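Trainee: My questions are about this predicted structure, shown below with the sequence.
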Amino acid sequence: MINSHDQEEDEYCGRCWPLYRMIEKNDWRGVDDFVTNDPDALTAKTIAPGSTTIFHAIVELWVDVESDDATCLLDKLASKVDPQTLEQRDELGFTALFVCAVKGNLRALKVLVKYNPDLTNKRGIFQSLPVIQAAYKGHKDTLQYLREVTYGVDIYSGNDGASMLSRLIDATLYDVALDLLKRRPTIGRDNTDSRRIVLNTLAEKPYAFASGSRLGHLQRLIYNCTPVEVELVPSIQTNGNQNVDGDMENLIVTSKIHSKTSTRFRSAKKITTTFVIHDQKLAHMQTVEIVRIICQEVIWTCHRSELAEALFTAARLGIHEFVNEFIMAYNNTADLLNEDGRNIFDVAVLHQGNFGNNILHLVAKLVPSSEVAGAALQVQRELQWFKAVVKLIHPHRLGDENRSNQTPREVFTQEHKDLVKEGEKWMKETASSCSVVAALIITVVFAAAFTVPGGSDSKGIPNFLHEPSFMIFAISDMLALFSSITSVLMFLGILTSRYAEEDFLVSLPRKLIIGLVTLFFSIASMMVAFGAAVHISLSHKWNLVIIPIALVGFVPVTLFALLQFPLV
């Protein structure tokens, strides 16, 4: 049977449907008229499906958060009900103020706090406070206000403090999280469980660290050259007054670029990428600082499994900055074992089962990569990785055999034999193609040396010998010849190589890089020689012809550099 009370509520909900539709359309005058004619709508537990009160509906459907009409209406309606009415919850267990925190509606939130300050400590699902929800949604202004008005609960200690910190990290508000850590000694650090919550959140975010960022070669260059320094500055303009206890709540972490050119860049707004990368680098520095602070003053033991979970997660995801901070805080980090009996180095190398392989066997396994241009250079990367780990383990383990009776080096050779063949093919094709280009340049610049622009006199002396343009032509032509010959010799050295595994480590990549650099230099020199020759021939008619020639000649040189830069 249907309860008569529920039936009455359903009937009343039906009558209030026009009210809900007006709220949807933000027709605040219509809402005011409806409530004036039917005051019971203010205290009704539901005016729409989902246990939605009129206050829930207004803060949920309020589109223009800067609307004065909506603010005045909410203030008028809230003043007509008792504070307990404002504590009513929807079917999800949220109060109207909690919804304000989720939506970031600061105006509505201030009105509700004005008539019932206790709403700030009414928890929602999973025992979450409104201030924590505002942190999770990344609403800085709402978060700041709730931090000031939430009372009756210590939001900076225990699981509440750890939850707030982890929610700020989830919302990528690393500056606010770092500021809280520096200004609130208890937050995230008052017990092991709090530290675990924060560290687990960070360990699952590889993109919050430099090791997890996916930057191109040019972006990586800008990233490494961008100086970043963290400093504390006021986030909200105040009158310069502080509380007696010295607590400066309105401070967040921001940054500046210590460069005279940064101000000019900002005002011109020309290099957006630089500042995006700067902000990204700043965020990476902030997350590392957060891990460092959380790991401070921990009484470490080999059985600190609660914190080790985050460590192994970071090791599995390759967040070496995270792991490094653990090692700095606890020098016996290598003694920590996961449930499979593996230490962090085993997990970092390869997260798989045990088939009699030691850590070097796992390193010898082939791991496909899309970050290296060319199979030959991937072989080099694999060899570098293998040899780097060899330096970390005890010498007596180098000859260990797995269940297939293979040493680590034998596993490496077997796993990489196909990649070595692909690398040999790729290297030969690249060297052959570049050799053809270099040989053509040799032919052109060699012939140009004996057919100088402007001709020669009866004694073979160039007519424009004493012209500056002719000297530029002669020097650049010789440089193009010498560098192209060097390039050909390097590529011939590649073609005649034995292509052993060790050759891919240093010998072949070095020859390839020298060949490409000298080829680039020969192309650039050839274009300079061409420009000088044209200027000599046409300067008596069009003196400024060198400008368009230089601009056009710059195009192929730049194009070659952009196309071949990933290899270098």
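Mentor: Arrived safely, thanks for sending.
Trainee: how far is stretch 207-215 from where the chain is centred?
Mentor: Centre-to-centre, stretch 207-215 and its host chain are 5 Å apart (Cα atoms, centre = their mean, to the nearest Å).
Trainee: Can I get it as CSV, trimmed to CA atoms?
Mentor: Below are the C-alpha coordinates for stretch 207-215, written out as CSV (Å, rounded to 0.1, in the frame of the first residue of the first chain):
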residue,chain,number,x,y,z
TYR,A,207,51.6,13.3,-15.2
ALA,A,208,52.0,15.4,-12.1
PHE,A,209,55.8,14.8,-12.3
ALA,A,210,58.4,15.6,-14.9
SER,A,211,59.1,11.9,-15.5
GLY,A,212,55.5,11.3,-16.6
SER,A,213,55.1,14.4,-18.9
ARG,A,214,55.0,13.8,-22.6
LEU,A,215,57.0,16.6,-24.2
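Trainee: What lies in contact with that stretch?
Mentor: With contact meaning Cβ atoms under 8 Å, 6 or more residues apart in numbering, stretch 207-215 is reached by 169, 172, 174, 202, 205-206, 223, 277, 280-281, 283-284, 287-288, 317-322. The C-beta positions use only the backbone N, C-alpha and C, and glycine is treated the same way.
Trainee: for stretch 318-330, same thing?
Mentor: Residues outside stretch 318-330 that contact it (Cβ under 8 Å, 6+ apart) are 202-203, 206, 209-212, 284, 287-288, 291-292, 295-296, 298, 300, 310-311, 314-315, 333, 344, 348.
Trainee: Pull out the buried residues from the helix or strand where Glu148 lies.
Mentor: According to DSSP states H and E, Glu148 maps onto helix 140-149. In terms of neighbour count (16 or more other Cβ atoms under 10 Å), helix 140-149 has its buried residues at 140, 142-147, 149.
Trainee: That one: what's the following helix or strand?
Mentor: Per DSSP H and E, the first helix or strand lying C-terminal to helix 140-149 is helix 158-170.
Trainee: And the helix or strand that that following helix is followed by, what does it pack against?
Mentor: Per DSSP H and E, the first helix or strand lying C-terminal to helix 158-170 is helix 174-183. In this structure, helix 174-183 makes packing contacts with helix 158-170, strand 251-256, helix 272-295, judged by 3 or more Cβ pairs under 8 Å, 6 or more residues apart in numbering; DSSP states H and E.
Trainee: if we can go back for a sec, mean confidence for the helix holding Glu148?
Mentor: The average pLDDT for helix 140-149 rounds to 94.
Trainee: Likewise for stretch 555-567?
Mentor: Mean per-residue pLDDT for stretch 555-567: 75.
Trainee: Kindly format the C-alpha coordinates of it as PDB.
Mentor: Taking C-alpha atoms only, stretch 555-567 is exported to PDB below (Å, rounded to 0.1, in the frame of the first residue of the first chain):
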ATOM      1  CA  VAL A 555      63.600  27.900 -45.700                       C
ATOM      2  CA  PRO A 556      65.300  24.600 -46.800                       C
ATOM      3  CA  VAL A 557      67.900  24.900 -44.100                       C
ATOM      4  CA  THR A 558      65.300  25.300 -41.400                       C
ATOM      5  CA  LEU A 559      63.200  22.500 -42.900                       C
ATOM      6  CA  PHE A 560      66.100  20.100 -42.800                       C
ATOM      7  CA  ALA A 561      66.800  21.000 -39.200                       C
ATOM      8  CA  LEU A 562      63.200  20.500 -38.100                       C
ATOM      9  CA  LEU A 563      63.000  17.100 -39.900                       C
ATOM     10  CA  GLN A 564      66.200  15.700 -38.600                       C
ATOM     11  CA  PHE A 565      66.300  17.300 -35.100                       C
ATOM     12  CA  PRO A 566      64.500  14.200 -33.500                       C
ATOM     13  CA  LEU A 567      67.400  12.000 -34.600                       C
END
